[in-house]
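A.B. asks: sequence first, then the predicted structure:
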Amino acid sequence: MPYRDRTHAGQVLARSLDRHRGADVVVLGLPRGGVPVAAEIARALGAPLDVMVARKVGAPGNPEFGVGAVAPGGVRIVDARSLLMLGLPESALDQTIHDETQEMERRLLLYRGDPRPPDVAGKTVILVDDGLATGVTAHAAIDSLRQQGPARIVLAVPVGAPDVVARLADLVDEVVVPEQPEDLRAVGLWYDDFRQTTDAEVISLLGPRTRKVRIPVDGGEMLGDLTLPNGAQGLVVFAHGSGSGRLSPRNRAVARRLNEAGLGTLLLDLLTEDEERAKDLRFDIPLLAGRVGAALAWARAQPDTQGLAFGLFGASTGAAAALVAAAERPADAAAVVSRGGRPDLAGSALRRAYAPTLLIVGGADGEVVDLNEEAFEQLPGEKRLEIVPGATHLFEELGALERVADLAAAWFSDHLAGRERVTRSSSTKR
């Protein structure tokens, strides 16, 4: 057989696509079988991997016999010759097309954490499947991609029927199909191992998904970056300090560590663009706490995050905003971590913030250490104060920020991932 399995097929294809290395390329696998092939190509080219979900439309009473396909953007492909052979009008497919469109949207959300297809405008798209028998699903995917204005579309498939390859070649800019047997019969015959790819395998290959979000608030909207690892065990909402935002390199470093630990992250600009110009609002704790609460409410309403436990990570004045939000929305805040924070600015809300709280302070941060110790005494629930020796307010010393990230990952994993919790009354200082 030409291919041992889909991984081997992807490695073979990647050698024929090496000229695309370094270009603005995205590799899209057609789930499920096309994704492990695409993953090898993306790895070899150093390109991002994503999915292009299109669904075959089977004949009524014989779903394995493909007579059409649907893809995002309202694309609907019907093989008139197959319908004629079956003696069916096109209207006979209406219910099946409706069902497959719903399934397509479900899978987009399942695989991408977003019901929309990937953004490919201006990019070279390498569209990958594990084989071409009728080509109808690939045809629908190509038509859908064209709507988004890619620079080029390259169709890369390990094996395909020659007539199908020739037909699809007219729709794309480049075709790479190493094996084109005259008598294809079935795609699986060209693999030693053609076991069905599962949803779990697709999700695992895709890795963490990040998308831009906009959360409406009075006066405008908050901008955010939502990252969800596969099987995320919780979601941590970040509340930045004064003069900072979702692009803070320190918060992003902590977020990466949380993602590695299987936790989702939502990095936010708590102020709108207009509000950011009014510098006094950066210290408006009630306003910032309200924005954190709005983010929690938004996340509770999203299909891909609504079932998760939520944590809050606050830095500097953002720590006070996180604690006030935790006090005001106890059902939504399962844990809080403060990095170099000013929890004292939460005022009386401290005594109502029962969420398990970890305060992390630099040992060389002088007055902030004292303020955290005083706030620690007022917190009523499970709590811990961790002082990082020699670290200053921004934790710029060698290894200091890594220590913060590890402490935060452990705290959130313990309190968001369903592990046994310490009783509410416990407290420690280190």
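C.D. replies: Great, that's in hand.

A.B. asks: now do the buried residues in stretch 211-221.
C.D. replies: Under the neighbour-count criterion of 16 or more other Cβ atoms under 10 Å, stretch 211-221 has Arg211, Val213, Ile215, Val217 buried. Heads up, the C-betas are built off the backbone N, CA and C, glycines and all.

A.B. asks: from Thr317, how far out is the third one?
C.D. replies: Relative to Thr317, Ile215 is positioned 20 Å away (Cβ to Cβ, to the nearest Å).

A.B. asks: kindly report the same for Gly219.
C.D. replies: 20 Å.

A.B. asks: what do you get for Arg252?
C.D. replies: 18 Å.

A.B. asks: settle it for me: which of those two has more neighbours?
C.D. replies: Legend: neighbour count by other Cβ atoms under 10 Å for Arg252 and Thr317, higher for Thr317 (24 against 15).

A.B. asks: my read: that one touches Pro286, true?
C.D. replies: No. With contact defined as Cβ atoms under 8 Å, Thr317 does not reach Pro286; the gap is 11.8 Å.

A.B. asks: what about Val175, helix or strand, and which?
C.D. replies: Assigned by DSSP states H and E, Val175 falls within strand 174-176.

A.B. asks: which neighbouring elements make contact with that strand?
C.D. replies: strand 152-156, helix 162-169 (3 or more Cβ pairs under 8 Å, 6 or more residues apart in numbering; DSSP states H and E).

A.B. asks: can you tell which of the ones you listed is closest to Phe65?
C.D. replies: Phe65 lies closest to helix 162-169 among those, at 15.6 Å (Cβ to Cβ).

A.B. asks: show the average pLDDT along the closest one.
C.D. replies: Regarding helix 162-169, the rounded mean pLDDT is 96.

A.B. asks: helices and strands of the chain: which one bottoms out on pLDDT?
C.D. replies: Least confident element among the helices and strands of the chain, by mean pLDDT, DSSP states H and E: strand 427-429 (a mean of 62).

A.B. asks: isn't Ile153 up against Val128?
C.D. replies: No. Between Ile153 and Val128 there is no contact under Cβ under 8 Å: 11.5 Å.

A.B. asks: which one of these two is surrounded by more residues?
C.D. replies: Val128 (34 against 21).

A.B. asks: bridging residues for that one?
C.D. replies: Gly29, Ala156 (DSSP bridges).

A.B. asks: does it really touch Val37, like I thought?
C.D. replies: Yes. Using Cβ under 8 Å, Val128 is in contact with Val37, at 5.2 Å.

A.B. asks: could you tell me which residues touch both of these two?
C.D. replies: Gly10, Leu13, Gly29 (Cβ atoms under 8 Å, 6 or more residues apart in numbering).

A.B. asks: for Ala186, which non-adjacent residue is closest in space?
C.D. replies: Once flanking residues are discounted, Ala186 sits nearest to Ala133: 7.1 Å by Cβ to Cβ, 6 or more residues apart in numbering.
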